[in-house]
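Asker: task: produce atomic coordinates for the following.
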Amino acid sequence: MKKKRLEILLEKIRPLAEPNVKLEQYRTPAAIASEILFSALLEGHINGKNVLDLGCGSGIFTLGSAWLGANEVVGVDIDPDALDTVQENIMKSGAPEVIELFESDVNDFHPDRSFDTCIMNPPFGSQQKGADRPFLEKAMELCSTIYSLHMSDTRNFIRKFAEKRDWWIVCTNEYRFPIPHMYFFHTKPTAVIKVTCFKFEKTR
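Answerer: Numbering: from 1, shown residues only. Next up is the predicted model:
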């Protein structure tokens, strides 16, 4: 599958009908998601691999990984409405039957297996400081390689967080992330923030 075709498919994924402000549920733009997924594919971290998506939301990384040939994709979210949306998107898109969904707080997710790759967009921590930390900790516990989106201005913290746990940041890519008017505290039709996708690997 070509990158442009993937982006078109991701654009068709239905977003959450009623995003939860406490969970910081923001839709990952299809262009950004396809860029991250294709980068992971070219690095050999999706096709034939077991992929984990923590805080899967409407399923953009979950379905994208399945379309790019993952052996298994597990999506985890605490919000049952989000998982219903993922299931609907799976059924409407005809995604490969390699996806398994779990309703769980990330701290309470204890699968009986590990994963090759985690690709995720965790909460940015703008509503609850440090909300992204449990997601990174769980990904580091379960996976060999991680692709994760975070606010660009947390770069120094993210680096120290990783190094303290014997992980290192292989590369970073910064994006302009548009956020539409979704919640009561939004004052503009669309705001644009800078986010960075960090690729992490375990030090040897």
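
Asker: any idea of the mean pLDDT for stretch 77-90?
Answerer: Regarding stretch 77-90, the rounded mean pLDDT is 96.

Asker: distance from that stretch to the middle of the chain?
Answerer: Averaging C-alpha positions (Cα atoms, centre = their mean, to the nearest Å) puts stretch 77-90 14 Å from its chain's average.

Asker: now do the buried residues in it.
Answerer: Judged by neighbour count (16 or more other Cβ atoms under 10 Å), stretch 77-90 contains these buried residues: 77-79, 82-83, 85-86, 89-90. Placement of C-beta: from N, CA and C, glycine included.

Asker: repeat that for stretch 15-26.
Answerer: Neighbour-count burial for stretch 15-26 flags 15-16, 19, 23-26 (criterion: 16+ other Cβ under 10 Å).

Asker: picking that back up, inside helices: which ones of the buried residues of stretch 77-90?
Answerer: Here DSSP state H is the test, and the buried residues of stretch 77-90 give 82-83, 85-86, 89-90 as lying in helices.

Asker: of these, which pair is most distant in space?
Answerer: The span of these, defined through Cβ to Cβ, is set by A82 and I90 at 12.8 Å.

Asker: sorry, back to before: distance to P96 for the ones in helices among the buried residues of stretch 77-90 - can I get that in CSV?
Answerer: Formatted as CSV, these follow (distance: Cβ to Cβ, whole Å):
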residue, distance to P96
A82, 20
L83, 18
T85, 18
V86, 14
N89, 13
I90, 9
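
Asker: quick one: which of those residues is nearest to F161?
Answerer: Closest approach to F161 among these (Cβ to Cβ): A82, at 25.6 Å.

Asker: list the contacts of the closest residue to that closest one other than its chain neighbours.
Answerer: With Cβ to Cβ, 6 or more residues apart in numbering as the criterion, A82 has its nearest non-adjacent residue at 5.5 Å, and that residue is G57. Counting by Cβ atoms under 8 Å, 6 or more residues apart in numbering, G57 touches 16, 25, 27-28, 77, 82, 85-86, 121.

Asker: I'd like the residues you listed as CSV, with distance to T196 appended.
Answerer: Listed next are the contacts of G57 as CSV, based on distance: Cβ to Cβ, whole Å:
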residue, distance to T196
L16, 23
Q25, 20
R27, 18
T28, 13
D77, 23
A82, 24
T85, 26
V86, 25
N121, 12
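
Asker: ok, F124 touching M151?
Answerer: Yes. Contact between F124 and M151 holds when scored by Cβ atoms under 8 Å: they sit 5.0 Å apart.
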